[in-house]
Structures are given as C-alpha cells and as structure tokens.
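[1] Here you go, sequence then predicted model.
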Amino acid sequence: MDFADFGMYIIITVVITIMFYLVMIENKRYGKKNTDENHFTVRSPKIYLLVGILSTLFGCVCLILMTMFPNDTVNLLTFGFFLLWTILSLVFFIYLNTWKLKVDGDQITYCPFIGI
C-alpha cells in the first residue's frame with residue numbers, strides 16, 4: 001500500500017466521522033425543540049441536504065472537467081453516468097427540500113416531491 005492509498009483511507013474516515021458528528025448534533029438540536037405533541041412538522045435532517053448539495057456539485061465538476069480536458073477514458077458511457085449522477089443528485093436535493101410531514105391535531109398533511 002502506498003502513501004496515496006493510505007491518505008485516501010484517512011480522508012474517507014475523517015469525512016465519515018465529521019458527518020456522523022453533524023448528525024448527532026442535529027439530532028440533539030432537534031430533540032431540544034419545544035413542540036406540542038399534537039402540532040408538529042417533520043422534515044429531513046440538514047445533513048441530507050448537505051449530502052445532496054455536495055453530490056450535485058461533484059457531478060457538475062466531473063462533467064465540466066470531462067468536457068474541458070477530454071482524454072481516452074472519456075466516452076459516452078462515462079459522460080452518461082455522470083450526467084445521470086448529477087440529475088439524480090439534483091432530484092434528491094429537491095425532494096429533501098420539499099418533503100415534510102405536518103401534524104395538526106387530527107389532520108396529517110404529507111407533502112412529497114410534487115403536491116400535497
């Protein structure tokens with residue numbers, strides 16, 4: 001194992017640890033909110049929005065770099081993969097922004113990707 005492989009393992013471990021702690025902090029913050037048990041709204045955690053943004057940016061950067069600096073590894077399949085990655089990441093991000101579950105007494109309102 002060379003230094004580059006070892007460095008990549010360290011970077012991945014650090015990023016996963018940071019994301020884990022951010023989720024823990026978000027859960028503690030959500031638990032401290034004073035909510036009435038008959039009136040509350042459930043939304044997706046903020047860390048999922050961060051993952052959606054970073055994933056979309058990663059796909060965009062890969063597409064831009066493939067277009068600006070083409071080489072032998074860039075073919076239609078690779079371009080299609082990163083285009084699909086970017087589109088699905090964007091849909092994931094939009095879905096997480098719009099999804100919510102609202103409870104008002106006896107009424108439950110579910111707001112998915114489109115509509116109520």
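    Received it, and whenever you're ready, just let me know what you need.
[2] make it CA atoms for all contacts and neighbour counts henceforth
    Fine.
[3] gap between stretch 108-116 and the chain center?
    Centroid separation for stretch 108-116 versus its chain: 20 Å, with CA atoms, centre = their mean, to the nearest Å.
[4] Over to stretch 61-70?
    On CA atoms, centre = their mean, the centre of stretch 61-70 falls 22 Å from the chain's centre.
[5] buried set for it?
    By 16 or more other CA atoms under 10 Å, the buried positions in stretch 61-70 come out as 62-63, 66.
[6] which residues touch that stretch?
    Applying CA atoms under 8 Å, 6 or more residues apart in numbering, the contact partners of stretch 61-70 are 74, 79, 82-83.
[7] Quick check: mean pLDDT of that stretch?
    What stretch 61-70 shows for mean pLDDT is 87.
[8] And stretch 22-38, by the same measure?
    Regarding stretch 22-38, the rounded mean pLDDT is 66.
[9] I'd like to know which elements the host helix or strand of L90 is packed against.
    For L90, the host element (DSSP states H and E) is helix 76-98. In terms of contacts (3 or more CA pairs under 8 Å, 6 or more residues apart in numbering; DSSP states H and E), helix 76-98 is packed against helix 46-68.
[10] Alright, that wraps it up for me.
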